[in-house]
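> My questions are about this predicted structure, shown below with the sequence.
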Amino acid sequence: MNIIERGKKFIQSLQELANRTLWDWRKCPQCGSMETNRWGTYTRTPWFLNGRREVKVQRHKCKACGVTYSERSPLLKRGSWYAREVHRSAIDHWQHGGTSFRRTAEFLRSWLGKQERYLLWRPLATPPPASERCHLSASTVHRWVDKAGIKAQESVEGQLEGIADTQNAGVDGLWAKLRGGGKRVVLMLTDSVTGIVFPPVIAKGEESAQFFRQLFARAEQAGLNLEQLRGVTSDGAQGLVSYMKRTLYWVHHQRCVWHLWRNLRKPLAEAARQASAGLDKKAARLKRKEIRRELGSLVRQVMDATGYAQAELALEALRRHPFGADIAHFLNLHLDNILIHTLDYYQGLQRVTPEWRWRDFRLRLSHGRNHGSEQRLERAVLLWAVYRNFTPAQERYERKRKYRHPGLSPLAVAGFPHENISYLDALEV
Ligand SMILES: [Zn+2]
């Protein structure tokens, strides 16, 4: 069952619960007998977003099997002091609002109990008596988030089946610190065209092929068809390069041009240093600047070439430059890794890694510091991936970020407009 179907099924189950008639409740859930009696009521006082409310719960007793059971409401969560809407709001505050567990709890307490920050917003309001205060704690919010993470984990199998028809992908890793010390890498694979994020994995590093085997295995489990994969964009992470050579030998590797530029910083500086050797300070500085500009422009012509012929010409010009030979040699080694995105067969393959995705990941997970263990970090990351796939990109331009599909979620871009189903439904919150 893919992630959208999961969400639909959950909403249906809530609707069913809401539409249950008196008659439906008379049927014993244990043995199916209709021979049941009403068996008194009890009162609960769960917190809703607008405060505490009394809810009467009807109980029933089955004459046939003797079991007693109570009516359920789609508004409530079994065994919780807080209504479903509070659970959902808490997870959304943390995930979408990008705030901490502590602040999420503080904001919700303020709304629910009209206390704490609420008194800042309404200066003339009187604080509630101690007995009516809300005590929602950060650790409770953390538990709720973790529970949603467990659901995300359970949904990995077939999560994107029939949705992501991925031919070109991007791979990137982000280091995360664990609260108790220790570092891990979150490895992520995304569809280059739709931006769909496959369920990430947590690895100990990026240097071993084994870590990337895990990443691709999980993506496959979620619905990625490795055989139809054509290209992968990434930086030069050793583990990925060797994994692809051995296992995904039919897949071409597009080196992220942004990372390549970063790798070229040193050789460019070195060439400039050689060119300026022996000159006095001021002249040397000018010379360095000039050489960097010349070489930079030649490198750009190779990197940004729209085809092989153009790149070869630019490469030749670079080779002829008195200080360009080493850099030309480096670029020539990686020429395929720079240019395959220009071939029709690899249409949709990006020139840069999905690194910018981390921007919004970082906002939410603050480098993983909130997560005491690797397991918790993993659940949070899996939750984030589901959130990401269901959440529309912004409509507006924001500073320098230009959204390729404004107002659309990656799932919608893939051709699955999930309408009123959200990540919270998909994770059964
Ligand atoms: Zn019964």
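Thanks, I have the structure now.
> Near the ion, which residues of this protein are found?
Within the chain, the positions adjacent to the ion are 28, 30-31, 33, 62, 64-65 by C-beta under 5 Å from the ion. Just so you know, the C-beta spots here come from the backbone N, C-alpha and C atoms, and that holds for glycine as well.
> gap between Glu85 and Trp111?
11 Å (C-beta to C-beta, to the nearest Å).
> Show me whatever sits in contact with both of these two.
Contact with both Glu85 and Trp111 is made by residues Leu49, according to C-beta atoms under 8 Å, 6 or more residues apart in numbering.
> Give me the neighbour count for the closest residue to His405 other than its chain neighbours.
The spatially closest residue to His405, leaving aside those adjacent along the chain, is Val413, at 4.8 Å (C-beta to C-beta, 6 or more residues apart in numbering). Number of residues near Val413 (other C-beta atoms under 10 Å) recorded here: 19.
> Going through the residues of the chain next to the ion, which ones are buried?
Among the residues of the chain next to the ion, the ones that count as buried by 16 or more other C-beta atoms under 10 Å are 28, 62.
> Let me know the closest of the residues of the chain next to the ion to Glu227.
Gln30 (48.5 Å; C-beta to C-beta).
> give me phi/psi at the residue lying closest to that closest one once chain neighbours are set aside?
Sequence neighbours aside, Val67 is the residue nearest to Gln30 in space, at 4.3 Å (criterion: C-beta to C-beta, 6+ apart). For Val67, the backbone dihedrals are phi -80, psi 150 (criterion: degrees, to the nearest 10).
> Please confirm that Leu187 is located within a helix.
No - looking at Leu187 with DSSP: H, G, I helix; E, B strand; the rest coil, it is strand, so not inside a helix.
> begin at 23 from here
OK, 23 is where the count begins now, so the last one is Leu209.
> does it really touch Phe233, like I thought?
Yes - the pair Leu209 and Phe233 passes the contact test of C-beta atoms under 8 Å, sitting 6.4 Å apart.
> Between the two, which contacts overlap?
The contact lists of Leu209 and Phe233 share 223, 225, where a contact means C-beta under 8 Å, 6+ apart.
> and these two? which has more neighbours close in?
A side-by-side neighbour count of Leu209 and Phe233, using other C-beta under 10 Å, places Leu209 first with 26 against 21.
> For that one, give me the pLDDT.
On pLDDT, Leu209 comes in at 94.
> in the sheet, who's paired with it?
Counting by DSSP bridges, Leu209 forms beta bridges with Gly195, Val223.
> On the three-state scheme, the closest residue to the ion within the stretch 223-372 of the chain is what?
Nearest residue of the stretch 223-372 of the chain to the ion: Gln243, at 40.2 Å (C-beta to the ion). Assigned with three-state DSSP, Gln243 falls in the helix class.
> tell me the contacts of it?
With C-beta under 8 Å, 6+ apart, Gln243 has these contacts: 178-180, 221.
> and if you look at Asp257?
Applying C-beta under 8 Å, 6+ apart, we find Asp257 in contact with 194, 277-278, 281, 375.
> Grab the most central residue of the protein for me.
Ala407 (3.1 Å; C-alpha atoms, centre = their mean).
> Gly171 is in contact with that one, correct?
No - using C-beta under 8 Å, Ala407 makes no contact with Gly171, being 10.4 Å away.
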